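In: Below is the sequence, then the predicted model.
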Amino acid sequence: MPEGVEVRGNSVRIYFRYQGELCREAIPGPATPENIANAERIVGVINYEIEAGTFSYARHFPNSPKIQTNTFGHYIDLWLGIKRNQMSASGIRSHESRIEHHIRPRWGPVHADQIDHLDLQEWLQGTLMPKLHNKTVREILSIVRQIFRLYRTRNRSAHDPTDGIVVTLPDSDDPDPFTREEIDLILGTETHRPQELNLIQFMIWSGPRVSEAISLAWEDVDLKAGTVLFRRARVRSRYKVTKTRRSTREVKLLAPALRALEAQAMLTRDLAPVQIEVTDRDNRTVRRQSVRFVFHNGGTGQPYSTSDNLRNGWWKTHLNKAKVRYRGPNQCRHTFASQILSSGVASPEWIADQLGHTSTAMVFRHYAKFISQDGPDIVGMLNRALDL
């Protein structure tokens, strides 16, 4: 029997090695000498094309079961199945959006071994970059790269067409905190929503993420000791543990933050507790908690479900009324770090601890905008110290 050809009963099969895997495919017709000779010819053509790098499985065997399992869409589904057990619900929704809007429509039906480096480059630069931010394009490329990494675990000799493709990001925006003058305007402008004003004062002078602040419960607060424990976050309408283990932290409050909580206690501390489910860091374990939330939406009387409710429902209007240039409520966190740094009193290590960062490098990289009009007179202090 010719090499690469085998007869099973009255049928003919050919076999060949492709991308490190032994493949077998049936040839139509009975096991006649003519069909066996035809099978030998087909094997020869296939082996030549594999060596030349021009072999297309779909062209030779369009009805083979391997066709569906070799499409990029098949590996997309495998990758998503793995990620659903590893990522938070908000994270997987973001990936699914990138895949269903951009990756699957273009590459889903294409065989993974037929996706070329230049085709990917053209897609990124010609289709995605004109309409998407570089950061989004980079995230899409990262997903494609991870899917190809999964594909290569089954096809170890396959090439990775994403090798060498780089999407450069622009310099990140500097933090844009509020000055002391702006803080006074924000907190001094009248509003019919006192809970929101308490929330903003608390965030400016304690530095939590917005998702952490709207998840704070009275069970996490010790007014007598002046401390709070940040241990959960509200992300896309779901409760989860904090962003990192280091982010779960107890902080000692500055006086304005403590006053905000004392004012808020008159409004919500005696409300009935509610039952919530909090997803743990493994994204699978869910724990039930009975809590009384500190801050409520002044418009609905309910706990905040997302930071968007705060931003769009009150924050924008209040900043406009206060005649303060608009920045998102997340800038309250930047403001806390900048105000503390500009005081010249607290060490970067203390600030990192308050913010839940693992190192001072994060403080300087993200939050160390020095507000000169609020800081000490460094030049004057140096002149006096050096007797200049």
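Out: Yes, it's here. Bear in mind that the values here come from a model prediction, so they are computed numbers and not experimental data.

In: per-domain residue ranges of this protein.
Out: As assigned by automatic domain parsing, the chain contains the domains 5-62, 72-154, 182-318.

In: Burial-wise, tell me which of the ones you listed comes out on top.
Out: domain 182-318 (a mean of 18; mean count of other Cβ atoms under 10 Å). (Each C-beta comes from the backbone N, C-alpha and C, glycine too.)

In: gap between it and the chain center?
Out: Domain 182-318 has its C-alpha centroid displaced from the chain centroid by 22 Å (Cα atoms, centre = their mean, to the nearest Å).

In: okay if I get the domains of the chain as JSON lines plus distance to residue 340?
Out: As requested, these are arranged in JSON lines below (distance: least, Cβ to Cβ, whole Å):
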{"stretch": "domain 5-62", "distance to residue 340": "57"}
{"stretch": "domain 72-154", "distance to residue 340": "29"}
{"stretch": "domain 182-318", "distance to residue 340": "8"}
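
In: So which of those domains is nearest residue 353?
Out: Within the domains of the chain, the stretch nearest residue 353 is domain 182-318; the backing value is 7.0 Å (Cβ to Cβ).

In: Select, out of the domains of the chain, the one closest to residue 169.
Out: Smallest distance to residue 169 across those (Cβ to Cβ): 5.3 Å, for domain 72-154.

In: What distance do you get for the nearest residue to residue 291 once chain neighbours are set aside to residue 71?
Out: Across the structure, with Cβ to Cβ, 6 or more residues apart in numbering as the measure, the residue nearest residue 291 apart from its sequence neighbours is residue 217 (3.7 Å). Using Cβ to Cβ, to the nearest Å, residue 217 is found at 48 Å from residue 71.

In: And for residue 243?
Out: In this structure, residue 243 lies at 36 Å from residue 71, with Cβ to Cβ as the measure.

In: So, low pLDDT: which residues of the stretch 101-250 of the chain?
Out: Scanning the stretch 101-250 of the chain for pLDDT under 70 picks out 171-173.

In: Residue 283 reaches residue 83, doesn't it?
Out: No. Proximity of residue 283 to residue 83 does not meet the contact threshold set by Cβ atoms under 8 Å, at 9.7 Å.

In: Do me a favour and average the pLDDT over the helix or strand where residue 320 lies.
Out: Counting by DSSP states H and E, the element that carries residue 320 is helix 316-322. Averaging pLDDT along helix 316-322 yields 97.

In: State the three-state secondary structure for residue 203.
Out: Taken by DSSP: H, G, I helix; E, B strand; the rest coil, the conformation at residue 203 corresponds to helix.

In: quick one: it and residue 332 touch, right?
Out: Yes. With contact defined as Cβ under 8 Å, residue 203 counts as touching residue 332 (3.8 Å).

In: related to what we said a few turns ago, and residue 336, which of the domains of the chain is closest to it?
Out: Of all the domains of the chain, it is domain 182-318 that lies closest to residue 336, at 3.5 Å by Cβ to Cβ.

In: how about the nearest residue to residue 272 once chain neighbours are set aside, what does it touch?
Out: Nearest non-adjacent residue to residue 272, counting by Cβ to Cβ, 6+ apart: residue 292, 7.4 Å away. With contact set as Cβ atoms under 8 Å, 6 or more residues apart in numbering, residue 292 has these partners: 217-219, 268-269, 271-274.

In: and of those, the nearest to residue 195?
Out: Taking Cβ to Cβ as the measure, residue 195 lies nearest residue 268 of those, at 7.5 Å.

In: Check what pLDDT the closest one gets.
Out: At residue 268 the predicted local distance difference test score is 96.

In: same question, residue 55
Out: 85.

In: tell me the SS of it?
Out: Three-state secondary structure (criterion: three-state DSSP) places residue 55 in coil.
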